[in-house]
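Peer 1: I'd like to go over a predicted model; first the sequence, then the structure.
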Amino acid sequence: MPRKPRFFLPDVPVHIVQRGHNREAVFFEDDDYRAYLGWLKAASAKYDCQIHAYCLMTNHIHLLVTPSTKTGVTLMMQYIGRFYVPYINHKYGKTGSIWEGRYKASLVDAEHYLLQCMRYIELNPVAADMVRVAGEYLWSSYRCNAEGKPDPLLTPHPVFTEFTVGGEERDAYKALFNVHQDEIEQDHKQIAAAVQTGTPLASGRFREQVELALGQKVGQARRGRPAGYKATKVPEGNGQRGFKGL
């Protein structure tokens with residue numbers, strides 16, 4: 001089967017997912033996570049890619065990145081692979097690629113979906129029953145984005161900055177993790193489908209703008225909420241559990 005194309009545009013966020021070969025582990029101890037994050041930091045700086053959110057799971061990774069050039073993400077991921085794959089193979093006596101084919105990528109309509117995508121990424125350890133709440137997981141961006149703890153890897157996106165303005169403890173962002181479970185599940189399905197198919201996670205207008213910029217159709221027909229949907233600043237309920245991680 002032909003490979004699904006991946007689409008990148010300067011200054012447009014993209015959700016990246018990369019899995020271990022046969023869904024096997026790609027991180028085995030704390031030093032492995034630290035090594036990956038170190039190369040991610042170096043690569044993102046080298047190729048001018050801003051990292052807004054991340055989660056390193058045992059057998060896959062999630063990144064939310066805004067590149068400044070069309071090739072930035074590709075070069076960044078190649079750079080990481082050139083260092084991290086040999087590191088793991090040498091350390092654990094493995095051979096070949098540790099990754100399952102190419103990483104997947106989905107452009108993100110920042111105005112309507114950036115915050116939901118960040119939440120989805122940072123809830124993955126909760127979804128996998130690895131921790132009770134997102135703040136307990138060491139290898140994600142949650143403690144920086146939600147609690148304000150320093151993380152030199154991250155650059156806040158303007159949408160995130162505007163959403164959290166005036167709150168030293170970023171209460172507005174933390175509140176997004178306490179919405180009703182049904183909303184979490186609906187977001188999960190839409191985000192998972194978008195990244196799996198390479199379809200923009202977007203409103204209809206944004207998708208049209210992307211296709212105009214690229215000069216071609218992208219992904220599959222849009223599903224999910226209508227254009228104009230935004231996360232509420234005053235969510236209710238408790239939605240930290242109850243959906244499957246991508």
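Peer 2: Structure's in. What do you need?

Peer 1: And the helices in the chain?
Peer 2: Listed in chain order, the helices of the chain (DSSP state H) span 30-46, 72-92, 110-122, 124-127, 142-145, 158-164, 171-175, 181-197, 204-214.

Peer 1: Pull out the buried residues from the second one.
Peer 2: Yep, that's helix 72-92 we're talking about. 72-77, 79-81, 83-85, 87-88 (16 or more other CB atoms under 10 Å). Yep, even glycine has a C-beta here, placed from its N, CA and C like the rest.

Peer 1: roughly how far apart are Q181 and F206?
Peer 2: According to CB to CB, to the nearest Å, Q181 stands 27 Å off from F206.

Peer 1: These two: which is more packed in?
Peer 2: Each of Q181 and F206 has its neighbours counted (other CB atoms under 10 Å); F206 has more, 21 against 14.

Peer 1: Pull stretch 151-158 out as PDB, backbone CA atoms only.
Peer 2: Taking Å, rounded to 0.1, in the frame of the first residue of the first chain, the C-alpha atoms of stretch 151-158 are listed here in PDB:
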ATOM      1  CA  ASP A 151      10.900  23.000  31.400                       C
ATOM      2  CA  PRO A 152      13.600  24.400  29.000                       C
ATOM      3  CA  LEU A 153      12.300  22.200  26.200                       C
ATOM      4  CA  LEU A 154       8.900  24.000  26.000                       C
ATOM      5  CA  THR A 155       7.800  27.200  24.200                       C
ATOM      6  CA  PRO A 156       4.300  28.300  25.000                       C
ATOM      7  CA  HIS A 157       2.000  28.700  22.000                       C
ATOM      8  CA  PRO A 158       0.300  32.100  21.800                       C
END
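
Peer 1: Pull the distance from stretch 156-176 to the chain's centre.
Peer 2: Its chain's C-alpha centre lies 17 Å from the corresponding centre of stretch 156-176 when counted by CA atoms, centre = their mean, to the nearest Å.

Peer 1: I'd like the average pLDDT over it.
Peer 2: For stretch 156-176, mean pLDDT is 85.

Peer 1: swap in stretch 103-121?
Peer 2: 96.

Peer 1: try stretch 182-191
Peer 2: 89.

Peer 1: Tabulate the CA atom coordinates of that stretch in CSV.
Peer 2: Taking C-alpha atoms only, stretch 182-191 is exported to CSV below (Å, rounded to 0.1, in the frame of the first residue of the first chain):
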residue,chain,number,x,y,z
ASP,A,182,-17.9,12.3,27.5
GLU,A,183,-16.1,15.4,26.3
ILE,A,184,-12.7,13.8,26.9
GLU,A,185,-13.8,10.7,24.9
GLN,A,186,-15.2,12.7,22.0
ASP,A,187,-12.0,14.7,21.8
HIS,A,188,-10.0,11.5,22.0
LYS,A,189,-11.8,9.9,19.1
GLN,A,190,-11.4,12.9,16.9
ILE,A,191,-7.7,13.5,17.7
